[in-house]
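> Predicted model follows, preceded by the sequence.
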Amino acid sequence: MTNTASPTRTINDLDRADIAILRLLEQDGRIPTAQMARTLGISEPTVRKRMERLFADDIIKVVAVYNPRKTSYAADALIMIRVMPGHLQAVGKALASHESVVYLGYTTGRSDIVVEALFENDEALFRFLDEELPTFGGIVSTETAHVLRTEKINYDWKLPAHFDLRS
């Protein structure tokens, strides 16, 4: 028996109204649905239904994003990790569950995993590298870059302009 459920939509499946809703949310994530409806010339129930579908399809989510520089987390590090064959996902999942890790990606090239992690200070970063990281097992080598200043972070990213041209 085959699965007849429709696949989850991606950004490429959205129409002009969905993209217009996303554009308004990019400008102000707290914009009321009534205001969106007035701006777009569609009904508020339509806006709510479309937003619910965007959430259900995991195209968008609403979260509070902290600026790490405004917290006590002063040490930001990128850690490139080389892993023993056969240990990639186990190491990745273990690292992803660590409270200091804010981003983890599997990569190609010199590293197998790239992690961004935030720490309260350089001493906490040092302890992580020296004491905690070796306990994950399967790690061959690491290369760490201390981020001195951040010019742009992911919540600044906007949907590329060519998406506005969709029908």
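Perfect, thanks for sending it. Residues are numbered from 1 along each chain as shown.
> Now do the helices in the protein.
16-27, 33-40, 44-56, 88-96, 122-127 (DSSP state H).
> Could you name the stretch from those that's closest to L133?
Across the helices of the chain, the minimum distance to L133, taken as C-beta to C-beta, is reached by helix 88-96, at 8.4 Å. (Each C-beta comes from the backbone N, C-alpha and C, glycine too.)
> for the protein, which spans come out with low pLDDT?
1-7, 154-157, 165-167 (pLDDT under 70).
> how's it carved up into domains?
As assigned by automatic domain parsing, the chain contains the domains 11-63, 68-147.
> can you put the ones you listed in a markdown table and add mean neighbour count and distance to F163?
Formatted as a markdown table, the domains of the chain follow (neighbours: other C-beta atoms under 10 Å; distance: least, C-beta to C-beta, whole Å):
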| stretch | mean neighbour count | distance to F163 |
| --- | --- | --- |
| domain 11-63 | 14 | 5 |
| domain 68-147 | 15 | 23 |
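> Any chance of the helices of the chain in a markdown table with distance to R82 as columns?
As requested, those are exported to a markdown table (distance: least, C-beta to C-beta, whole Å):
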| stretch | distance to R82 |
| --- | --- |
| helix 16-27 | 37 |
| helix 33-40 | 47 |
| helix 44-56 | 37 |
| helix 88-96 | 10 |
| helix 122-127 | 19 |
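> got the residue ranges for the strands in this protein?
75-83, 101-106, 113-119, 139-147 (DSSP state E).
> which secondary structure elements does the first one contact?
Yep, that's strand 75-83 we're talking about. helix 88-96, strand 113-119, helix 122-127, strand 139-147 (3 or more C-beta pairs under 8 Å, 6 or more residues apart in numbering; DSSP states H and E).
> just the shortest one next, same as before
Under the contact criterion of 3+ C-beta pairs under 8 Å, 6+ apart, the helices and strands touching strand 101-106 comprise helix 88-96, strand 113-119.
> The last one: partners in the sheet, and parallel or antiparallel?
Strand 113-119 has the following sheet partners, assigned by DSSP bridges: strand 75-83 (antiparallel), strand 101-106 (antiparallel).
> For F119, which of these is the nearest?
strand 75-83 (4.1 Å).
> Determine the angle, from 0 to 180 degrees, between that closest one and strand 139-147.
160 degrees (axes from the mean of the first three to the mean of the last three C-alpha atoms, to 10 degrees).
> ok and strand 75-83 relative to helix 88-96, angle-wise?
Interaxial angle, strand 75-83 versus helix 88-96 (the same axes, to 10 degrees): 160 degrees.
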